[in-house]
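Asker: sequence plus predicted model, see below.
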Amino acid sequence: MNAVRIGAAGGLDGLERVDLPDPGAPGPGDIRVRIHASSLNYHDYGVVRSGDPKFRGRIPMSDGAGVVEAVGEGVTEFAAGDAVVSCFFPLWLDGPATTGDFATVPGDGVDGYAREIVVRPATWFTRAPQRYSHAQAATLTTAGLTAWRALVADGGLKAGDSVLTLGTGGVSIFALQIAKAMGATVIATSSSEAKLEKAKALGADHTINYKAEPNWGEAVRRWTGGRGVDHVVEVGGPGTLPQSITAVRNGGHISLIGVLTGRGGEVPTAAMMVKQVRLQGLVVGSRRQQQDFVRGLEATGIEPVIDRSFGLDALAEAFRHEESGAHFGKICVEF
């Protein structure tokens, strides 16, 4: 079985192709899945680049999509031939968040999906949306579900709301698409005029180049007539949060889902208090939320934006493409 794992040296250059034993037939409650695609996330990049000895020998990639080849005794939810997609937190099935670490996350605490075949409990997967390719389905596990939870499951997004998305990575593009499909107005930011034009083509109602407009929080307020937006999909962290607080309306909702500008920093707590902002940190979502997301995608007809696909043996090249920041939407590997 073809697979890629993190070698002893770590880093992108330390990724190594290996031939692993076939995992065999599924046991009770398990399914055997032929993986056909994965997609890259900042989390995966962080694991591969970290050089942490605990990741030596780990098979990376949190996202996996493919076809069920066989089911074990007692499995009734899936059958051979079903298209499925993996869950980020495989033990968080429903209800409020129950985990505060990555101990059970594929590609981090346990082996991930940079391999051809896995045997896992059936509850580690959900069905994929009908008519989705495997690459499209692979974008849902992390980026897609994060955007869905931020806006719908936690944010209560409704028609007529306004949404601010930061950048044009996987989560932000999914957020733009979800918001537009549900009748919301979207303001998108980027430092690239070319990417802003692509965001407009996807339906963004207004765009802001944050390099040309460093006080983009005030620009958002001006464009909304001084009110501010209802929701902010905040992927930057401490370097962008103050502007996001400026941009959001009184009583608005900010989903803190990324730390691209660092893991810590000053937060204007007085401004948050006066504006009565709801700031919520979140990491992906539950299996139930993923099932709801799949139904939502089928109802709205949203199709993921895939920037480029690579082969599994070019995984390091794919990560370098992500590292460059040149992508718009998701980067996938197919095999």
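Answerer: Perfect, I can see it now.
Asker: what about the helices in the stretch 51-200 of the chain?
Answerer: Assignment of helices within the stretch 51-200 of the chain using DSSP state H, counting those that start in this stretch yields the ranges 134-138, 145-148, 170-181, 193-201.
Asker: dump those to a markdown table, plus mean pLDDT, distance to His253 and mean neighbour count.
Answerer: Yep, even glycine has a C-beta here, placed from its N, CA and C like the rest. Listed next are the helices of the stretch 51-200 of the chain as a markdown table, based on pLDDT from 0 to 100; distance: least, CB to CB, whole Å; neighbours: other CB atoms under 10 Å:
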| stretch | mean pLDDT | distance to His253 | mean neighbour count |
| --- | --- | --- | --- |
| helix 134-138 | 98 | 28 | 26 |
| helix 145-148 | 98 | 14 | 28 |
| helix 170-181 | 98 | 12 | 26 |
| helix 193-201 | 98 | 21 | 16 |
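Asker: can I get those helices in a markdown table with distance to Val283?
Answerer: Below are these laid out as a markdown table (distance: least, CB to CB, whole Å):
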| stretch | distance to Val283 |
| --- | --- |
| helix 134-138 | 19 |
| helix 145-148 | 8 |
| helix 170-181 | 11 |
| helix 193-201 | 25 |
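Asker: which among these is found nearest to Pro238?
Answerer: The stretch from those with the least distance to Pro238 (CB to CB) is helix 170-181; that distance is 17.6 Å.
Asker: which other helices and strands contact the closest one?
Answerer: If contacts are counted by 3 or more CB pairs under 8 Å, 6 or more residues apart in numbering; DSSP states H and E, helix 170-181 sits against helix 145-148, strand 162-166, strand 185-190, strand 229-234, helix 287-300.
Asker: one more pass at 6 Å, please.
Answerer: helix 145-148, strand 162-166, strand 185-190 (3 or more CB pairs under 6 Å, 6 or more residues apart in numbering; DSSP states H and E).
Asker: run through who's touching the shortest one.
Answerer: Spelled out, that is helix 145-148. For helix 145-148, the external contacting residues (CB atoms under 6 Å, 6 or more residues apart in numbering) are Val171, Phe174, Ala175, Ile178, Ile257, Val284, Gly285, Gln290, Phe293.
Asker: recalculate using a threshold of 7 Å.
Answerer: 88, 171, 174-175, 178, 233, 257, 284-285, 289-290, 293, 296 (CB atoms under 7 Å, 6 or more residues apart in numbering).
Asker: nearest to Lys198, of the helices and strands packed on helix 170-181?
Answerer: Closest of those to Lys198 is strand 185-190, at 8.9 Å (criterion: CB to CB).
Asker: what's the angle from the closest one to strand 162-166?
Answerer: 10 degrees (axes from the mean of the first three to the mean of the last three CA atoms, to 10 degrees).
Asker: mean confidence score for strand 185-190?
Answerer: Across strand 185-190, pLDDT averages out at 98.
Asker: same thing with stretch 86-105?
Answerer: Per-residue pLDDT over stretch 86-105 has a mean of 94.
Asker: end to end on it, go ahead and measure it.
Answerer: Using CA to CA, to the nearest Å, the span of stretch 86-105 from its first residue to its last is 10 Å.
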